[in-house]
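**Q** Curious how this folds, go ahead:
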Amino acid sequence: MRNMLLDCLLCSTTAVEGILSPFVIDIYPVANVFDLFIADSRSGLFHYHLSTFLHDLKGKLKRREPRYIETHVDRRNSPLELRNGKTPAVIISNVFVFLFSYILQGNILQFGCLPKATPNRLSSGSWGILAYMVQKRRQVKSIPLGEGWWGAGEKPLSEDDQIYPFKVQTSDEEIEDLHERIDRTRYADPLEDSCFQYGFNSTHLKKVVSYWRDTFDWKSSTNAFSLMQDWMCTSFTCDHHTVTTRRFCLLCSFTAGLAPSMSSTEFCLLTENQDGVVFEVICPSIPGYAFSEASHKQGFNSLAAARIFLTLMERLGFSQFYLQGGDWGSLITTNMSQMKPQCVKGLHLNMCMSNKGFKVMLSLIIGPYLPFLVGLSQEDVRRLFPFFEKNVWEILKESGYFHIQATKPDTAGLAAYILEKFSTWTDNRNRDLEDGGLERKFSLDDLLTNVMIYWTTGSIVSSMRFYKENLKGNPDNRVDAKTGIFVPTGLAAFPNELLHCPKSWAQIRYRNIQSYNYMPRGGHFAAFEEPQLLANDFVQFVKKVEKF
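**A** Next up is the predicted model:
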């Protein structure tokens, strides 16, 4: 029994060291790590190591210092003693050793492995440190709301806080100008059998543009907007457009990214009574998108948008509400939850980005072979692996737009540029179709309504700038990247989303996931493509939170 237990401990330590060695700098030799298992806490070594480890976490010790430890163990007569020299940096493998040595050592001694030693016990000081660390981890941190001024010129002494009715209007001159530009369009011949592999196929583009020129009725689309209430509100001097319905009970706030057109289906699904759950929907456009005024100053990112939306909700008289977001909306609603968690009853996302870290890296290494060890389901494995083919390569093929808009956003292009995303982001297999599969899920009227919103408002450039503002500097150093989300959270994982985020990855950042569901179909534009699925998942999430 004695040899078996000691062998198990040695193998466990070696396994941890082997896994961690590619990712860390300073690791104890296995012999020294093993010696810690049989150390007596009365020597003070454990507390010395723990102190060093905490200092390393704060960056107060330099890893390049020549640190070493000289140890000696007489297992028959004396405990481990610190002879001289400096203690090496204690990293993750040593934490593993500390925890398991103090948990298991008492049992080992009872089996006679160390007959002349006594079981170790954590001192009151050690318990205090552990209690403090646990309590600190559980604290709900929030991001300061802050202030910002995004209007032209200097900030005035007072700001108009009124909310005004708004109606979409387009003059006949604007439509005539559009038609003249369409008539002057020149097309490049596509490669044979290229389908949508090289972007929007110009052969199919001619058909779409012809429909846009001769059949599409923009005024009918704007009349459909009148079925919903449109309002314009000013906060931080950016006039932003808001849509509400006339129903009430629970609040859902939608934000839109690339495609902020308002689908009447979404509103009907959420504003009609569904087993006692009825929503009043507030749908703001991100400043710089659609009918919302763009920022006049640099630095308008998701945090700034979150502040504006929180101010909007306050002016509308809502002290608590639910949030739902996808694309940029997922980041903005997440930031809102970080700024005022007391106001957010629940956060529902159909796009979630995980934080980087050891857990994610370990999942990518072990996940294909032993997914249960790293919290992955079989569906996660199917969607993630082979990782390079399904994630890295796909992102390389589909993120060219992102780099352009995040670095040099003042570019040209509209119909083909926007509609191509509706093709490939709905299902990347659409690249192999001659028509890009555009009308499998959408009508040309709905697609061209999106294009016309950008065209008539001239917001394509300002919407692209939002990418650049969110990528200034390292995103991992932003305050929101370092702040957890503790509000009740629901995640709808659509199979054709740009990146799949397993629940185990999402839990690194979202600490209170109440609902995580794999959707049977759908891609990036879930609210537009599969409104029924998204609405149903949102309703079941609210029922869980409200305990219906």
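**Q** Is it correct that residue 315 is in contact with residue 163?
**A** Yes: applying CB atoms under 8 Å as the test, residue 315 and residue 163 come out as touching, 6.6 Å apart. Glycine gets a C-beta too; all of them are placed from N, C-alpha and C.
**Q** Can you list the low-confidence ranges for this structure?
**A** Counting by pLDDT under 70, the low-confidence segments of the chain come to 1-140, 226-269, 271, 276, 393, 395-413, 548.
**Q** Tell me where it has strands.
**A** 71-74, 78-82, 163-165, 229-235, 238-244, 250-255, 279-284, 321-325, 344-349, 489-493, 513-518 (DSSP state E).
**Q** got a list of contacts for stretch 427-443?
**A** Applying CB atoms under 8 Å, 6 or more residues apart in numbering, the set of residues contacting stretch 427-443 from outside is 195-197, 200-201, 203-204, 208, 394, 397-398, 419-420, 422-424, 426, 444, 447, 496, 523, 528-529.
**Q** contacting residues for residue 219?
**A** Taking CB under 8 Å, 6+ apart as the test, what residue 219 contacts is residue 170.
**Q** what's the distance between it and residue 170?
**A** According to CB to CB, to the nearest Å, residue 219 and residue 170 sit 7 Å apart.
**Q** swap in residue 501?
**A** Using CB to CB, one obtains 39 Å as the distance from residue 501 to residue 170.
**Q** Residue 281 too?
**A** Residue 281 is 25 Å from residue 170, where distance means CB to CB.
**Q** Who has more neighbours out of these two?
**A** For residue 281 versus residue 170, neighbours defined as other CB atoms under 10 Å are more numerous around residue 281 (21 against 16).
**Q** Correct me if wrong: that one contacts residue 270.
**A** Yes: between residue 281 and residue 270 there is a contact at 5.6 Å, judged by CB under 8 Å.
**Q** can I see the domain layout of the chain?
**A** Described in terms of automatic domain parsing, the domain architecture of the chain consists of the residue ranges 2-138, 163-546.
**Q** Kindly check the end-to-end length of the last one for me.
**A** Yep, that's domain 163-546 we're talking about. Between the opening and closing residues of domain 163-546 lies a distance of 31 Å (CA to CA, to the nearest Å).
**Q** what residues are up against the closest residue to residue 304 other than its chain neighbours?
**A** Using CB to CB, 6 or more residues apart in numbering and skipping residues adjacent in sequence, the residue nearest residue 304 is residue 148, 5.2 Å away. For residue 148, the set of contacting residues under the criterion of CB under 8 Å, 6+ apart consists of 236, 299-300, 304, 307.
**Q** Arrange those residues in JSON lines, one row each, with neighbour count as further columns.
**A** Written out in JSON lines, the entries for the contacts of residue 148 read as follows (neighbours: other CB atoms under 10 Å):
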{"residue": "236", "neighbour count": "20"}
{"residue": "299", "neighbour count": "11"}
{"residue": "300", "neighbour count": "24"}
{"residue": "304", "neighbour count": "24"}
{"residue": "307", "neighbour count": "24"}
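**Q** which among those residues gets closest to residue 288?
**A** Of all the contacts of residue 148, residue 288 sits closest to residue 300, with 7.1 Å by CB to CB.
**Q** Thought residue 466 was touching that closest one, still the case?
**A** Yes: Residue 300 is in contact with residue 466 according to CB under 8 Å; the separation is 7.2 Å.
**Q** Can you pull the residues that touch both of those two?
**A** Overlap of the contact sets of residue 300 and residue 466 (by CB under 8 Å, 6+ apart) consists of residue 288.
**Q** Could you check how far residue 344 is from residue 168?
**A** Residue 344 sits 30 Å away from residue 168 when distances are taken as CB to CB.
**Q** So which of those two has more stuff around it?
**A** In this view residue 344 and residue 168 are compared by other CB under 10 Å, and residue 344 has more residues nearby, 25 against 20.
**Q** give the contact list for that one.
**A** Taking CB under 8 Å, 6+ apart as the definition of contact, the neighbours of residue 344 are 320-323, 336-337, 487.
**Q** Buried members of those into ChimeraX, please.
**A** Selecting only the buried entries of those in ChimeraX, with 16 or more other CB atoms under 10 Å as the criterion:
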select :321,322,323,336,337,487
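**Q** Make a markdown table out of the contacts of residue 344 and add distance to residue 329.
**A** What follows is those, written out as a markdown table (distance: CB to CB, whole Å):
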| residue | distance to residue 329 |
| --- | --- |
| 320 | 19 |
| 321 | 14 |
| 322 | 13 |
| 323 | 9 |
| 336 | 10 |
| 337 | 12 |
| 487 | 16 |
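**Q** can you tell me which residues contact residue 487?
**A** With the criterion set at CB under 8 Å, 6+ apart, residue 487 makes contact with 337, 341, 344-347, 512.
**Q** Could you list which residues are in contact with residue 195?
**A** Taking CB under 8 Å, 6+ apart as the criterion, residue 195 is in contact with 201, 431-434, 436.
**Q** Sorry, wrong one. I was asking about residue 208.
**A** If a contact means CB under 8 Å, 6+ apart, then residue 208 has 415, 419, 438, 444, 448 as its contacts.
**Q** ok, it to residue 439 distance?
**A** Distance, residue 208 to residue 439, by CB to CB: 10 Å.
**Q** just residue 366 next, same as before
**A** Applying CB to CB to residue 366 and residue 439 gives a distance of 42 Å.
**Q** So those two - more neighbours on which side?
**A** The residue with more neighbours, out of residue 366 and residue 439 and counting by other CB under 10 Å, is residue 366; that gives 15 against 12.
**Q** The more buried one touches residue 372, doesn't it?
**A** No: with contact defined as CB under 8 Å, residue 366 does not count as touching residue 372 (9.7 Å).
**Q** anything in contact with each of those two?
**A** Common neighbours of residue 366 and residue 372, using CB under 8 Å, 6+ apart, do not exist here.
**Q** And the helices in the stretch 351-500 of the chain?
**A** All helices of the stretch 351-500 of the chain, identified by DSSP state H, counting those that start in this stretch, fall at 358-366, 378-384, 387, 393-398, 400-407, 415-424, 438-441, 444-457, 460-470.
**Q** Just tell me which of those helices ends up closest to residue 505.
**A** Among the helices of the stretch 351-500 of the chain, helix 358-366 comes nearest to residue 505, with 5.7 Å by CB to CB.
**Q** list the buried ones in that closest one?
**A** Neighbour-count burial for helix 358-366, counted by 16+ other CB under 10 Å, picks out 360, 363.
**Q** likewise stretch 303-320?
**A** Going by 16+ other CB under 10 Å, stretch 303-320 has these buried residues: 303-313, 316.
**Q** Likewise for stretch 333-345?
**A** Of the residues in stretch 333-345, those buried by neighbour count under the rule 16+ other CB under 10 Å are 333-341, 343-345.
**Q** Next: stretch 505-517.
**A** 505-507, 509-510, 512-517.
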